[in-house]
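1. Here's my sequence, what's the structure:
(2 chains)
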Protein chains: 2
Amino acid sequence: MSKYDAYLEQHRATHVQQLLDFLRIPSVSALPRHKDDVRRAAQWAADHLRAIGVPKVEILETGGHPIVYGEWTVDANKPTYLIYGHFDVQPVDPEHLWENPPFEPVIKDGRIYARGAADDKGCLFLALKAVEAIAALDGKPPVNLKFMLEGEEEIGSPNLPAFLEREKERLRADAVLCADGGFYLPQKPDITIGSRGICAMQIDVQGPKGDLHSGAYGGAIQNPIHALAAILASMRSPEGKILVKGFYDGVRPLTDEERADIARVPFDEKEFFERVGVSEGFGEPGYSTLERLWARPTLEVNGIWGGFQGEGTKTVLPAEAHAKITCRLVPDQDPEQVLDAIEAHIRANTPPGVTVRITRFPGSAPAYLMSRDHPILAKAAQALREVYGEEPVFTRTGGTLPVAAMVKSILKTDFIFFSFGDPDNQVHAPNEFFRLESLDKGARAYVRLLLSLAAGN
Amino acid sequence: MSKYDAYLEQHRATHVQQLLDFLRIPSVSALPRHKDDVRRAAQWAADHLRAIGVPKVEILETGGHPIVYGEWTVDANKPTYLIYGHFDVQPVDPEHLWENPPFEPVIKDGRIYARGAADDKGCLFLALKAVEAIAALDGKPPVNLKFMLEGEEEIGSPNLPAFLEREKERLRADAVLCADGGFYLPQKPDITIGSRGICAMQIDVQGPKGDLHSGAYGGAIQNPIHALAAILASMRSPEGKILVKGFYDGVRPLTDEERADIARVPFDEKEFFERVGVSEGFGEPGYSTLERLWARPTLEVNGIWGGFQGEGTKTVLPAEAHAKITCRLVPDQDPEQVLDAIEAHIRANTPPGVTVRITRFPGSAPAYLMSRDHPILAKAAQALREVYGEEPVFTRTGGTLPVAAMVKSILKTDFIFFSFGDPDNQVHAPNEFFRLESLDKGARAYVRLLLSLAAGN
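-> Model (predicted):
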């Protein structure tokens, strides 16, 4: 056992109490009535940074909830790493499903139950504990460190892009270490190297100016629902390939190494389909289920509506039909170009007798993917290997992590997920919890990573 | 002017007052609170039949609102005609849009305004006035007459099929004259010879057992909305032909004579499309707009829904998608066989990864079409020609008239529309009205038709 591990073990009871204090602050960023609580959490985080020895700590305003910034420069010749996390949490409803009040943390069977226990107060806290352990024993961290702790992650970081632009200089770093996120399988170490991007639109199909009687008009007037169905169906082959011209433009082909990485991830396909209740998978031909989820783009209809939706039957030829679409994107698709391609496809495939209005939604984000050759990945893997005693795999997420793309595009800095949540942590749901084991192993892994970062490549 | 026309002119003021009395009865069959009013209207109609000389009149129970039956046998060697109409009316909402209270009839600019003025009290009443005129002057009608006046037409005649079965013998006639309906263009005489049938179903597509996150699952799980869109799109060619195998089975091809009949109908296509607000028509290739509306079957999506329908975007891969379909049918399609064909098509075209449940709705009805060679049509045309001074055309309706099909299938009797409503009468809407001119001309036409029916072919 290293001296750092010993330090962490020795102070564990104190550390857990500190985390419980942090969790007692109901810092729900989505709810205006918790505005002061979010600021209290910022204050707690700032105080805690100071307490573990960070010499320069500031609470910076963003126009929304504040950002806690910290800086610990030890040697201008050493690399600089910025640790990212967030101190805001999701709302707690439905509150009646919580077995214990969400902001009165309890420890049971080796788990801390509370809102934010995993996402992200626990995951963020363990990174700070690693810094504390090294600083306590060595007097200072082994590399220059910066901290950017956010209070708006759970509401989509609306003020972060402007903040990154404004504070670009101050935030300069060799890489960002993300202390938010987690493993693909509980307690099985992996490193997330990429996330898919997103773009969204709504299609409004207008036929006649009002609903018509299907007897008096049916057969001679285009039906907007049928027109919309034709448009949507034209976008995808029966096998699952997207037929929108230009949709796959810019998609970086999967390399053999990437496919091997994905194939190495333990994945029980049968269990996966059973869990969601489908008899079989469906997707783009030529790709495995995980490749479809992580490394291939999608065009998904999220909602559709038009005409009569009540009980029984109504003989109406409706005036309108509507659908919402989102795409998940992969490198190097450009969200706006994908929307352009879909719009052009819709224009080219709109049947006669209807008009189509297309509305693009804000919130587009490109995909994010680290180079697998980035030296930090080998160091992160080694740290996990040492702590978990097994070989970590490299994973991606099918979802979208806009912060990663923002950091990459504004700060021109790589964004490395080094985070210790588990997929069963009930984040965003009632009875969120975090394993004490994750706290221990995560802090020990962070110690190892920080030390190895100082060692150069 | 014939003596009958003179009689009608002489008694016109009295007749109008009688009709106003009839219209004051709020016989709304759909609303339980008007149950007694419907029965009062039945009583009024029965009394009126007696008053014009019908010797045998009965109010017959159906389990719902009653039916008024009348019989006037003059000579067992003469043919027998049954006059059909209804004394129930539609509800009046939205009542605030009525310029006068719906059950306080007013006469303005040659029109009677009231609920039921056209549909069907006015149209029914004028047939009775024709019988009255002939009976008053000749002592009896020129043919044997029966009357079947219904109180549930506006709620879909739910008890009529059982009634027709039960009273089959008593209702025996050479043909039924329908005093409900009207012209295709205001005050332009035509004879409706057919109506389309109907059948209806709902499609429920089930994907995963619950809504899924489009990032975590999108690309590897079939999307039920996309599956439904593919199913619906597969049912129709881009040009508008229905591609369901067997859908057109039994469809009687249009003869040259039928096409000529339809082509003879004055129809302003440009005005028709402008009125509903579409830039162009759309339908089965090879047919005119009126042919598509009257003489070709349709498969119409009446409603669709699934997933997220709110403001903005939600990254959901929904669990379900639903659609409602009705078909309008033509001779000799069988409604159940059409539903069988659609169901087989859906089964054959369901994409992998979803299951489909199909629900058939009650209320199927076959199309109805009279033989154009039926001798009564020439007589009806002659009556209209004499009264209106112009050549009547032969029309159909794209809607469904279940009573016609019921009478044909249960009583094995032809059902002839001889009715004088106008398409602008606002039936089923606020400010329903009936032209006094329609009352006059309709009664005179009925006199002529009844006299000519006595003359043999």
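2. For A:Thr413, give its distance to chain B.
-> Separation of A:Thr413 from chain B (C-beta to the nearest C-beta, to the nearest Å) stands at 23 Å. For glycine as for every other residue, the C-beta is placed from the backbone atoms N, C-alpha and C.
3. Same check on A:Phe420?
-> 19 Å.
4. Let me see the contact set for the residue nearest to that residue when sequence neighbours are not counted.
-> Leaving aside its sequence neighbours, A:Phe420 sits nearest to A:Gly442 (C-beta to C-beta, 6 or more residues apart in numbering or on different chains; 3.4 Å). Counting by C-beta atoms under 8 Å, 6 or more residues apart in numbering or on different chains, A:Gly442 makes contact with A:123, A:126-127, A:130, A:419-420.
5. residues in contact with the residue sitting nearest the centre point of chain A?
-> Residue closest to the mean C-alpha point of chain A, counted by C-alpha atoms, centre = their mean, is A:Leu401 at 3.6 Å. Shown in contact with A:Leu401 (C-beta under 8 Å, 6+ apart): A:181, A:195, A:368.
6. Of the residues you listed, which belong to helices?
-> Among the contacts of A:Leu401, no member falls in helices (criterion: DSSP state H).
7. did I read that right, A:Ile191 in a strand?
-> Yes: counting by DSSP: H, G, I helix; E, B strand; the rest coil, A:Ile191 is located in a strand.
8. about what we covered before: please read off the pLDDT at the residue nearest to the centre of chain A from the model.
-> What the model reports as pLDDT for A:Leu401 is 88.
9. A:Asp93 now?
-> A:Asp93 is given a pLDDT of 85.
10. Next one: it from B:Val316, what distance?
-> 18 Å (C-beta to C-beta, to the nearest Å).
11. Which of those two has more residues huddled nearby?
-> More neighbours surround B:Val316 than the other of A:Asp93 and B:Val316, with 21 against 11 (other C-beta atoms under 10 Å in any protein chain shown).
12. hang on, that one packs against B:Gly215?
-> No: the criterion here is C-beta atoms under 8 Å, and B:Val316 misses it with B:Gly215 at 10.2 Å.
13. Overlap of the contact sets of these two?
-> Contacts common to B:Val316 and B:Gly215, judged by C-beta under 8 Å, 6+ apart, are absent.
14. The stretch 101-250 of chain A: strands as residue ranges?
-> Assigned by DSSP state E, counting those that start in this stretch, the strands in the stretch 101-250 of chain A fall at A:106-108, A:111-113, A:144-150, A:175-178, A:190-195, A:197-206, A:212-213.
15. strand partners of the second one, parallel vs antiparallel please.
-> Strand partners for strand A:111-113, identified by DSSP bridges, are recorded as strand A:106-108 (antiparallel), strand A:433-435 (antiparallel).
16. If you average the pLDDT over the last one, what comes out?
-> Taken as a whole, strand A:433-435 has a mean pLDDT of 98.
17. just stretch A:19-35 next, same as before
-> The average pLDDT for stretch A:19-35 rounds to 97.
18. one step back: which of the contacts of A:Leu401 scores worst on pLDDT?
-> Ranking these by pLDDT puts A:Gly181 at the bottom, with 92.
19. what's the neighbour count on the closest residue to that one other than its chain neighbours?
-> Of all residues not flanking A:Gly181 in the chain, A:Ser419 sits nearest, at 4.0 Å (C-beta to C-beta, 6+ apart). Using other C-beta under 10 Å, the number of residues around A:Ser419 comes to 27.
20. Pull the contacting residues for A:Ser419.
-> By C-beta under 8 Å, 6+ apart, A:Ser419 lies in contact with A:123, A:178-182, A:192, A:442.
21. What pLDDT does the model give it?
-> With respect to pLDDT, A:Ser419 scores 96.
22. quick revisit: and the contacts of A:Ser419, which are buried?
-> A:123, A:178-182, A:192, A:442 (16 or more other C-beta atoms under 10 Å in any protein chain shown).
23. Can I get those residues in JSON lines including distance to B:Ala233?
-> Listed next are these as JSON lines, based on distance: C-beta to C-beta, whole Å:
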{"residue": "A:Cys123", "distance to B:Ala233": "46"}
{"residue": "A:Cys178", "distance to B:Ala233": "43"}
{"residue": "A:Ala179", "distance to B:Ala233": "47"}
{"residue": "A:Asp180", "distance to B:Ala233": "42"}
{"residue": "A:Gly181", "distance to B:Ala233": "40"}
{"residue": "A:Gly182", "distance to B:Ala233": "41"}
{"residue": "A:Thr192", "distance to B:Ala233": "38"}
{"residue": "A:Gly442", "distance to B:Ala233": "50"}
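24. biggest separation within these, which pair?
-> Spatially, the most separated pair among those is A:Thr192 and A:Gly442, at 14.3 Å (C-beta to C-beta).
25. Okay, now the unreliable bits of chain A?
-> A:456-457 (pLDDT under 70).
26. Wait, a strand at the residue nearest to A:Gly181?
-> No: under the criterion used here (three-state DSSP), A:Ser419 is coil, not part of a strand.
27. do you know how far it is from chain B?
-> 17 Å.
28. what does A:Arg236 give?
-> 6 Å.
29. So that residue versus B:Ser364, what's the distance?
-> From A:Arg236 to B:Ser364 the distance is 34 Å (C-beta to C-beta).
30. Compute the number of surrounding residues for the nearest residue to A:Gln187 once chain neighbours are set aside.
-> Leaving aside its sequence neighbours, A:Gln187 sits nearest to A:Asp422 (C-beta to C-beta, 6+ apart; 6.4 Å). Neighbour count of A:Asp422, defined by other C-beta under 10 Å: 20.
31. Wait, A:Asp422 touches A:Pro189, no?
-> No: look at A:Asp422 against A:Pro189 with C-beta under 8 Å: they stay out of range, at 11.1 Å.
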